[in-house]
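> How does the following fold in three dimensions:
(one chain, ligands or ions: 1)
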Amino acid sequence: MHYRGGIGTGSFGYDHLVLACGSRANLQMIPGMAEHALPLKTVGDALHLRNRVIARLEAAELTEDPTLRRWLMTFVVVGGGFSGVEVAGEISDFLAESGRWYRHLQAEPPRVVVVHAGPHLLPELPERLGHFTERKLALHRGVELRLSTRSRAIDARGITLDNGSRIDAGTVISTIGTVSSPLIDALPAEKVRGRLKVAADMSVPGLPGVWAVGDCAAVPNSREDWSVCPPTAQFALRQGPQLAANIARRERGQPTQAFGYRPKGLMSAIGHNRAVARVFGINLSGFIPWLLWRGFYLLYIPTLARKVRVYLEWNWAMLFPPDIAHLRFTRTVDADEDP
Ligand SMILES: Cc1cc2nc3c(=O)[nH]c(=O)nc-3n(C[C@H](O)[C@H](O)[C@H](O)COP(=O)(O)OP(=O)(O)OC[C@H]3O[C@@H](n4cnc5c(N)ncnc54)[C@H](O)[C@@H]3O)c2cc1C
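Next up is the predicted model:
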């Protein structure tokens, strides 16, 4: 195996190689997306987006030009799946709760628009929960929904929709589309929709000693009619330990085991301390699933110290207005160019 990175380049042999390189955001889906939209895939993307929202609020506060202010205060989210709904809910909560600091925000509410190709939000959940989400976003936060609508192009001034209409917006966020990692593309092995085809025990056929898990692998699920596992953390977290056990079995000369997991359910926060969920076949919506959603994520945060810290921060955020400090990442060496 060859590597390159901060410590230079090199190569080493292996007995077992586990590929867990995930997927990447596909910024080529819509013309102009790569240049003008903000992807939401990594923690860095989320921090950048937070800074962008705050910078737009600050700029809107300074300008006396109402057209420019309207543009600065318009946020378009492309995609109405889990990521799109969660980011639209978070941004609209943040804007609503930051209003006290910005006089223009009080006089003229900001605009958050979700553009979604499907007829209802959250297509992975039952339609009823999608409609509940639409009502909550629209009624409580004034989020505008453009359903059954596709984005045609994105440019520096905003977004053009497939029905020919335009939304002028200072920020367009893309939550749609993933593409496989170049590492996976380069491998001489079969792919299933860009994911590496693996056997039931997560070994890669034709590549002895190579295994794959998570978003980069098309793992058949023995407990769900051998359908390919969806690219979610819920599955990746279960695949990892079983893959380790399979490698140990292979080393001991024992037969490996097929991966199997019955998902517990799906949840999505929708803003305003509300969530929708389908857990063990039961549909839930409102504050209780939101508490469940938080509890569930807390459970999976590693180490007790971090669990406690996140728990306290979450509760802090419920009691106090949002932190509007713009965290700049400028280093001393760049400070001259970025005053
Ligand atoms: C905005 C967002 C929200 C999500 N919310 C949820 C949720 O609520 N619930 C849920 O179950 N799932 C959620 N997911 C999906 C979940 O994040 C993924 O399914 C999960 O992270 C997949 O784990 P992974 O280990 O396969 O890949 P990743 O977590 O993507 O990790 C892959 C790692 O490999 C590294 N890497 C890539 N290429 C190379 C290379 N060539 N060499 C070395 N390292 C490499 C990457 O830098 C990365 O650190 C969400 C995803 C996004 C984008």
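> any chance you could map the helices in the chain?
Secondary structure of the chain (DSSP state H): helices at 33-36, 43-62, 66-72, 82-98, 103-107, 127-141, 182-186, 233-252, 287-300, 304-319.
> among those, which is the most enclosed?
For the helices of the chain, ranked by mean neighbour count under the definition mean count of other CB atoms under 10 Å, the leader is helix 82-98 at a mean of 21. Using the backbone N, CA and C atoms, a C-beta is placed for each residue, glycine as well.
> circling back to that earlier point, which one of the helices of the chain lies closest to Met202?
Across those, Met202 has its closest neighbour in helix 233-252 (4.9 Å, CB to CB).
> any idea of the angle the closest one forms with helix 287-300?
For helix 233-252 against helix 287-300, the angle by axes from the mean of the first three to the mean of the last three CA atoms, to 10 degrees is 30 degrees.
> Excluding its own residues, what touches helix 233-252? List them.
Contact with helix 233-252 is made by 16, 18, 20, 201-203, 211, 213-215, 217, 219, 221, 229, 255-257, 259, 261, 263-264, 300, as judged by CB atoms under 8 Å, 6 or more residues apart in numbering.
> can you do 6 Å?
Applying CB atoms under 6 Å, 6 or more residues apart in numbering, the external contacts of helix 233-252 come out as His16, Asp201, Met202, Trp211, Val213, Gly214, Val219, Cys229, Thr256, Phe259, Tyr261.
> Please report the distance of Glu86 from Val279.
17 Å (CB to CB, to the nearest Å).
> My error: substitute Arg309 in the last question.
Arg309 is 26 Å from Val279, by CB to CB.
> one step back: mean pLDDT added to the helices of the chain, as JSON lines?
Below are the helices of the chain laid out as JSON lines (pLDDT from 0 to 100):
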{"stretch": "helix 33-36", "mean pLDDT": "97"}
{"stretch": "helix 43-62", "mean pLDDT": "94"}
{"stretch": "helix 66-72", "mean pLDDT": "95"}
{"stretch": "helix 82-98", "mean pLDDT": "94"}
{"stretch": "helix 103-107", "mean pLDDT": "81"}
{"stretch": "helix 127-141", "mean pLDDT": "93"}
{"stretch": "helix 182-186", "mean pLDDT": "93"}
{"stretch": "helix 233-252", "mean pLDDT": "97"}
{"stretch": "helix 287-300", "mean pLDDT": "91"}
{"stretch": "helix 304-319", "mean pLDDT": "92"}
